[in-house]
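Participant: Quick one, what's the 3D model for this:
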Amino acid sequence: MSPGIVPPYLLARIAAAQEENWARAAEAAQRTLTAPRDYRPVRSRLRLSIEQPGTLVAEATPAPDREISDAKNRQVLPGTRVRGEDDPATGDAAVDESYDGLGATFDFWWDAYARDSIDGSGSSLPATVHYGRDYDNAFWNGERMVFGDGDGEVFRGFTGSLSVIAHELAHGVIEDEGGLLYRDQSGALNESIADVFGALAEQHHAGQTADEATWLIGEGIFTDAVQGRALRSLAAPGTAYDDDVLGKDPQPAHMRDYVETRDDNGGVHINSGIPNHAFYLAAQALGGHAWARAGLIWYRTLTAGTLPSTADFTVFARATLTAAAAEYGEESEEVDAVRAAWTSVGVIPDDHDAQP
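Facilitator: Below is the predicted model:
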């Protein structure tokens, strides 16, 4: 289970805030940090088409199976069902935004990689909104998405960011593919892969190329009171926010700045900036839609069935080189781009020892 899109160290900074105008946020962050979490480890539509005059062909096309529930500001799951698949919009922003975000994420996985939902077999997509009072997070609990409304002083509601929704659902995909131990470098890879596919889902929905995208995770979830654009940046780790109260985004972009810490499960939300930036560099080098080549290499790496749950950055980097070579050839520009990216962030040496 992911601990949520907002890292615990950031919540701790908010909880310790002494500013009078952030009193509600401090209280909300403290409640969020101490809140218990309940972790719990094919649907299709018929599409009709006419291929030749007078010939009607029925083709099964995967479709999402969404169900949105309302916790009504209690920390109780699943809550009351308020919208199901094909139901009309409710007028509740959190309900409708989560419904749309789940659908956009489903479309991304299917269109980009022919993956039918989280488990690849059409699993349902349940979500709960209005979780807790002023709850400052969103998380995947092993079977559903859970969204807080934010405290209104630091965080807005979490359903308005597609990268947040897609990031948390990606944790479900990672888990389904065997998982990555959620601590130290394997945990940072877990977070990074979720960030990568969160960013790609948002880009896919907007039809953006690599050079058009913001590469931000959680853009827009901070209120105007915060000096920051998002929680994380794949393009420039360490620059997503710089606020007098929250502090500065602590993510490194290179191994020389790797953070040794016991907090945050060994810095999983911090050191994920290094593999995040490697993906960004590979995607920029290849250009076009980032999900098409760079994203496919990361997806093949995740789903090959050979990635150990304790993989560190070097093991994962070499696995992406192997995946790129298998998909595009050992002498391909894709292999060159991936190798250059990992070399640029200091994960693999700048020599031919990194050959797949």
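
Participant: And Gly287, how far from Ala240?
Facilitator: 24 Å (C-beta to C-beta, to the nearest Å). Glycine gets a C-beta too; all of them are placed from N, C-alpha and C.

Participant: what about those two, which has more around it?
Facilitator: Ala240 (24 against 14; other C-beta atoms under 10 Å).

Participant: Can you report phi and psi for the more buried one?
Facilitator: phi -70, psi -30 (degrees, to the nearest 10).

Participant: residue contacts, it?
Facilitator: Leu216, Ile217, Gly228, Arg229, Ala230, Leu231, Arg232, Ser233, Asp249, Gln251 (C-beta atoms under 8 Å, 6 or more residues apart in numbering).

Participant: Greatest separation within these: which pair is it?
Facilitator: Taking C-beta to C-beta, the two most distant members of the contacts of Ala240 are Arg229 and Gln251; they sit 13.5 Å apart.

Participant: With neighbour numbers in mind, choose between these two.
Facilitator: Gln251 (26 against 18).

Participant: Setting aside sequence neighbours, what's the nearest residue to the more buried one?
Facilitator: Gly273 (3.1 Å; C-beta to C-beta, 6 or more residues apart in numbering).

Participant: so how far is the longest helix along the chain off the chain centroid?
Facilitator: Longest among the helix segments of the chain by residue count, using DSSP state H, is helix 184-206. Relative to its chain's centre, helix 184-206 lies at 4 Å (C-alpha atoms, centre = their mean, to the nearest Å).

Participant: helices or strands up against it?
Facilitator: helix 93-113, helix 162-176, strand 216-217, helix 264-267, helix 273-286, helix 294-303, helix 313-328 (3 or more C-beta pairs under 8 Å, 6 or more residues apart in numbering; DSSP states H and E).

Participant: my guess is Gln203 contacts Ala213, does it?
Facilitator: Yes. Assessed by C-beta atoms under 8 Å, Gln203 is found in contact with Ala213 at 4.7 Å.

Participant: Run a quick neighbour tally on Asp350.
Facilitator: Counted with other C-beta under 10 Å, Asp350 comes out at 12.

Participant: And the pLDDT for it?
Facilitator: We have a pLDDT of 81 for Asp350.

Participant: Gly178 now?
Facilitator: Value listed for Gly178 in the pLDDT field: 92.

Participant: That one and Leu307 touch, don't they?
Facilitator: Yes. At 6.9 Å, Gly178 counts as touching Leu307 under the criterion of C-beta under 8 Å.

Participant: Chain neighbours aside, what residue packs nearest to His167?
Facilitator: Using C-beta to C-beta, 6+ apart, the nearest residue to His167 is Gly198, at 3.2 Å.

Participant: that older thread, between Gln203 and Ala213, who's got more neighbours?
Facilitator: Remark: of Gln203 and Ala213, Gln203 carries more neighbours, 24 against 20, as counted by other C-beta under 10 Å.

Participant: Please determine how far that one is located from Leu216.
Facilitator: 11 Å.

Participant: Skipping its backbone neighbours, what lies nearest His118 in space?
Facilitator: Not His; residue 118 is Ile. Nearest residue to Ile118, sequence neighbours excluded (C-beta to C-beta, 6+ apart): Gly172, at 4.2 Å.

Participant: what about the one you found, distance to Ala194?
Facilitator: For Gly172 relative to Ala194 (C-beta to C-beta), the value is 9 Å.

Participant: Those two: which has the busier surroundings?
Facilitator: Ala194 (26 against 23).
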